[in-house]
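Peer 1: heads up, no residue letters with this:
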């Protein structure tokens, strides 16, 4: 699993989350990348 940095948009692995900073830009806001759910109507 990975998180995405809000500032630079790069993917950050779980192992770097302990520092609660993006290793690329130093941003403090990281969020989980959510998958898009597609709903199909039953006929």
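Peer 2: Good, I have the coordinates. Remember, it's a predicted structure, so these values are computed and weren't measured experimentally.

Peer 1: Now do residue 29: how many residues are near it, please.
Peer 2: Residue 29 is flanked by 12 other residues according to other CB atoms under 10 Å. Using the backbone N, CA and C atoms, a C-beta is placed for each residue, glycine as well.

Peer 1: hey, what's residue 13 bridged with?
Peer 2: residue 2 (DSSP bridges).

Peer 1: Can you get me a residue count around it?
Peer 2: Residue 13 has 10 neighbours, counted by other CB under 10 Å.

Peer 1: What of residue 31?
Peer 2: The burial count for residue 31: 9, using other CB under 10 Å.

Peer 1: now the strands for the chain?
Peer 2: Listed in chain order, the strands found in the chain under DSSP state E are 2-5, 11-13, 30-32.

Peer 1: and the ones you listed, which is most packed in?
Peer 2: strand 2-5 (a mean of 17; mean count of other CB atoms under 10 Å).

Peer 1: and that one, what other elements does it pack with?
Peer 2: Here strand 2-5 touches strand 11-13, strand 30-32, going by 3 or more CB pairs under 8 Å, 6 or more residues apart in numbering; DSSP states H and E.

Peer 1: what's in contact with it?
Peer 2: The contact list for strand 2-5, computed with CB atoms under 8 Å, 6 or more residues apart in numbering, reads 10-14, 17, 22, 24-25, 27, 29-33.

Peer 1: quick one: least confident of these?
Peer 2: Ranked by pLDDT, the contacts of strand 2-5 bottom out at residue 17 (65).

Peer 1: Return the distance of the residue nearest to residue 14 when sequence neighbours are not counted relative to residue 22.
Peer 2: Excluding the flanking residues, the one nearest residue 14 by CB to CB, 6 or more residues apart in numbering is residue 1, at 5.6 Å. For residue 1, the distance to residue 22 (CB to CB, to the nearest Å) stands at 16 Å.

Peer 1: So for the two, which residue has more residues nearby?
Peer 2: The neighbour count for residue 1 versus residue 22, taken as other CB under 10 Å, is higher for residue 22 (21 against 7).

Peer 1: Need phi/psi at that one.
Peer 2: phi -70, psi 130 (degrees, to the nearest 10).
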